[in-house]
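1. Here is my input, please return the structure:
(chains A, B and C)
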Amino acid sequence: MTPQDGSEACSILHVDMDAFYASVMLRDRPELRDEPVVIGGGHRGVILAANYPARRFGVRSGMSGRDALRLCPQAVRLSPDYRLFERVSSSVMETFRRVTPLVEAYSLDEAFLDVSGAGRRLGTPLQVAEWLRAQVFDEQQITCSVGVAGTVSVAKLASRRAKPDGVLVVTPERVVEYLHPLDVGELFGVGEKTRAKLLRIGLVTVGDVARIPLPTLQQMLGRASGAHLHQLAWGTDRSSLTPRRSDDDPERSMGAEETFSRDTADPAVISRELLRLSARVTSRMRAAGMTGRTVAIRIRYSDFTTLTRSHTLADPTDVTSLVHAEAFRLFEVLVAQAGQRRIRLVGVRVEGLRPRAGSERQLALGERERGWAEADRAVDLAGRRFGRGVVKPAALLSGDRP
DNA sequence: TCTGGGGTCCTAGGACCC
DNA sequence: TCTGGGGTCCTAGGACCC
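-> I've put the predicted structure just below:
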């Protein structure tokens, strides 16, 4: 698109690392750089990232490891190193903040930047984008792509189109002509289901969606979703950022889930897994100083049907035994309703999080709960000092999973 | 060896209150 | 007494994203 980009109206950048997990893992394995490489995809797992040589075989992130290996048997499989990803991500975000404080970290490998104030120092948004790409490559030896536009969603679309290792500027006057020929599925927030729904009434392109009356769209997708999609189709979504760092963003819920290596219907095994997951979630909550009131479980059966059950407690908690007790109670109710079936995955999530300060529990039911809370803190302390998993609930000592 | 694990937001219906 | 509406909370499920 025309780089008529000195304008203030075109100053949102979306920066997206190219095949982030794979690129980072390959920094230490240069000999593999031109070979097909996938990250993740072990037993019952999916591909987290595939480098570009692997993508040439049709391998995509999200597909099962089995399918990936079928497409590309010679692919080298590496295990993800999340600590490394987080370190690299933080460094990259710091690089962004040297350009502007208006950085909205979207995920480990993506961020939005508002560079409207950086013009004088670093030039046009296009020049800023090129500077950032060069800087990231110098510092991290990984490439990224940048979309430049007047709104968040158009910038995001543009960066995808720029991949790999490129820049695309979509100026406001070119937005409609750029957007309208695209498949609706390209829009941010339009997934497989919504796309199929739109297709059923003959809406194929973004332009098709833009031209149908708003009430029709809202009737199909709901009030808020319909209005949002309409905005996306005209490229008129938000253009202001809320500066946010992924590491200090207060979360609204915290959860943990795990797929069993083999499906099981054994309540003892399920209960133990619920305890393990409850401990994992609540220790993260305590580390973050958060408590929550709603406990939710997720059960996925062998046939992949997935059910959730939740219950809101009278008082917020971060106590492992209370979360586990509620999780197991929800599970028993579910078994009573749905019967005993083989289970593939269980999950525990605590919602409605709020800071613990100011939400001190009353002691009406008192002493017992207080005792558990103190035990949890002792576990946390030992974990920090001697390593995670050194101290754990007695029920988890024997019968650890194979 | 079919389909992970971490999240967010929206919808819809019912309860309950004003 | 009847009728209606709005707002909020809770629960279950669905869709989507990285």
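2. what's around the closest residue to A:Gln135 other than its chain neighbours, how many residues?
-> The shortest distance from A:Gln135 to any non-neighbouring residue, by CB to CB, 6 or more residues apart in numbering, is to A:Thr95 (5.5 Å). (Each C-beta comes from the backbone N, C-alpha and C, glycine too.) Applying other CB atoms under 10 Å, we find 17 residues neighbouring A:Thr95.
3. A:Gln74 now?
-> Residues near A:Gln74, counting by other CB under 10 Å, number 9.
4. Same question for A:Pro101.
-> So A:Pro101, with other CB under 10 Å, has 12 neighbours.
5. In three-state terms, label it for me.
-> coil (DSSP: H, G, I helix; E, B strand; the rest coil).
6. From what I see, it and A:Arg245 are in contact.
-> No. Assessed by CB atoms under 8 Å, A:Pro101 is found out of contact with A:Arg245, at 10.8 Å.
7. picking that back up, could I get the buried residue list for the host helix or strand of the residue nearest to A:Gln135?
-> In the assignment (DSSP states H and E), A:Thr95 maps to helix A:82-97. Along helix A:82-97, these residues count as buried under the neighbour rule (16 or more other CB atoms under 10 Å): A:85, A:88-89, A:92-93, A:95-97.
8. Show me where the stretch 51-200 of chain A has its strands.
-> Ranges of strands in the stretch 51-200 of chain A, per DSSP state E, counting those that start in this stretch, are A:76-78, A:103-107, A:110-114, A:144-149, A:167-169.
9. Out of those strands, which is the most enclosed?
-> strand A:144-149 (a mean of 28; mean count of other CB atoms under 10 Å).
10. Which neighbouring elements make contact with that one?
-> With contacts taken as 3 or more CB pairs under 8 Å, 6 or more residues apart in numbering; DSSP states H and E, strand A:144-149 sits against strand A:12-17, helix A:125-140, helix A:152-162, strand A:167-169.
11. mean confidence score for it?
-> Across strand A:144-149, pLDDT averages out at 98.
12. Same check on stretch A:115-122?
-> Computed over stretch A:115-122, the average pLDDT equals 80.
13. same question, stretch A:73-81
-> On average, the pLDDT along stretch A:73-81 is 96.
14. again, but for stretch A:178-191
-> Stretch A:178-191 comes out at a mean pLDDT of 96.
15. Need the contact partners of it.
-> Identification of contacts with stretch A:178-191 by CB atoms under 8 Å, 6 or more residues apart in numbering yields A:1, A:153-154, A:156-157, A:160, A:170, A:192, A:194-195, A:198-199, A:203-210, A:225, A:228-229, A:232-235.
16. Check the offset of it from the chain's centre.
-> For stretch A:178-191, the separation from the chain centroid amounts to 20 Å (computed by CA atoms, centre = their mean, to the nearest Å).
17. For the residue of the stretch 151-300 of chain A found nearest DNA strand B, grab the count of nearby residues.
-> Residue nearest to DNA strand B within the stretch 151-300 of chain A (CB to the nearest atom of the strand): A:Gly222, separated by 2.6 Å. Residues lying near A:Gly222 (other CB under 10 Å) number 12.
18. if we can go back for a sec, do the helix holding A:Thr95 and DNA strand B meet at all?
-> No. Figure legend: helix A:82-97 not in contact with DNA strand B (CB under 7 Å from any atom of the strand); closest approach 9.8 Å.
19. Touching that helix from outside, list them.
-> With CB under 8 Å, 6+ apart as the criterion, helix A:82-97 contacts A:15, A:17, A:20-21, A:24-25, A:103, A:105, A:108-109, A:111, A:113, A:132, A:135-136, A:139-140, A:142, A:144, A:245-247.
20. Now with 7 Å, please.
-> Contact partners of helix A:82-97, identified using CB atoms under 7 Å, 6 or more residues apart in numbering, comprise A:15, A:21, A:24, A:103, A:105, A:108-109, A:111, A:113, A:132, A:135-136, A:139-140, A:245.
21. any idea which of those residues is closest to DNA strand C?
-> Using CB to the nearest atom of the strand, the shortest approach to DNA strand C within these belongs to A:Asp109, at 5.4 Å.
22. Can you report how many residues lie near that closest one?
-> When neighbours are defined as other CB under 10 Å, A:Asp109 has 22 of them.
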